[in-house]
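>>> quick one: sequence plus predicted model below, questions after.
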Amino acid sequence: MDQRQRRPATVQETKALAHPLRLRVLRLCTGQELTNKQLAERLGRDPGTVLYHVRQLVAAGFLEVGEVRTGATGALEKPYRSTNRSWWLDGPLGDEGPPAPMAPLEAFQEELAEAGPESVRTFSRFALHLSTEEVDELSRRVGAVLDEYVATDDQRLDRPLQGGIFVVHRLVR
């Protein structure tokens with residue numbers, strides 16, 4: 001099993017993860033190499049906009065450039081792949097300000113809309129009375145289970161790719 005440990009995010013890493021488009025790029029480049037053109041087509045965005053975000057992710061160490069290849073038209077293509085480093089960061093968006101924590105939720109909503117309602121495998125919606133310490137404990141325990149799956153995911157590459165999100169928020173009464 002992979003023995004990677006969680007660590008605090010740097011300022012550059014936090015800023016790189018504070019945008020939903022960058023989070024979608026990371027997800028798309030997990031387990032496969034995609035060019036900027038392929039990413040732009042898949043995301044339905046302008047290639048220049050996508051390239052700006054790709055460069056931010058490369059600079060932060062979340063994407064790396066694959067081997068330059070010749071495309072179908074003979075043009076050279078530069079593919080990108082995820083380094084899978086973002087998972088191992090503790091609370092990377094907490095100090096970035098109000099819009100940053102919404103980036104993962106926005107990215108998840110876009111991914112879910114793209115996949116369609118039939119893609120939902122399971123969900124749990126809950127409301128619990130928890131202290132700050134109990135929220136931390138719940139997050140730690142759920143995170144530990146997810147860490148186990150993430151650390152061994154390379155052993156299940158023959159299986160369908162599943163996505164999800166775990167969020168606890170304070171309810172307004």
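Done, it's in. Numbers count the residues shown, from 1 in each chain.

>>> and the helix or strand containing K15, what does it pack onto?
Using DSSP states H and E, K15 sits in helix 11-16. Helices and strands in packing contact with helix 11-16 are listed as helix 47-59; criterion 3 or more Cβ pairs under 8 Å, 6 or more residues apart in numbering; DSSP states H and E. (Each C-beta comes from the backbone N, C-alpha and C, glycine too.)

>>> please compute how far the helix it packs on lies from its chain's middle.
15 Å (Cα atoms, centre = their mean, to the nearest Å).

>>> give me the mean pLDDT for that helix.
The average pLDDT within helix 47-59 is 97.

>>> before we move on, what about stretch 104-117?
93.

>>> Provide a list of residues in contact with C29.
For C29, the contact set (Cβ atoms under 8 Å, 6 or more residues apart in numbering) comprises 39, 63, 80-82.

>>> against L146, how distant is it?
20 Å (Cβ to Cβ, to the nearest Å).

>>> in this protein, mark out all the helices, start to finish.
For the chain, the helices defined by DSSP state H cover 11-16, 20-28, 36-43, 47-59, 103-115, 132-151.

>>> can I get the first one in PDB? Just the C-alpha atoms.
In PDB, the C-alpha atoms belonging to helix 11-16 read as follows (Å, rounded to 0.1, in the frame of the first residue of the first chain):
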ATOM      1  CA  VAL A  11      -0.100  29.100  -1.200                       C
ATOM      2  CA  GLN A  12       0.500  28.200  -4.900                       C
ATOM      3  CA  GLU A  13      -1.300  24.900  -4.500                       C
ATOM      4  CA  THR A  14      -4.200  26.500  -2.700                       C
ATOM      5  CA  LYS A  15      -4.600  29.100  -5.500                       C
ATOM      6  CA  ALA A  16      -4.400  26.400  -8.200                       C
END
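
>>> before I go, just wanted to say thanks for your time.
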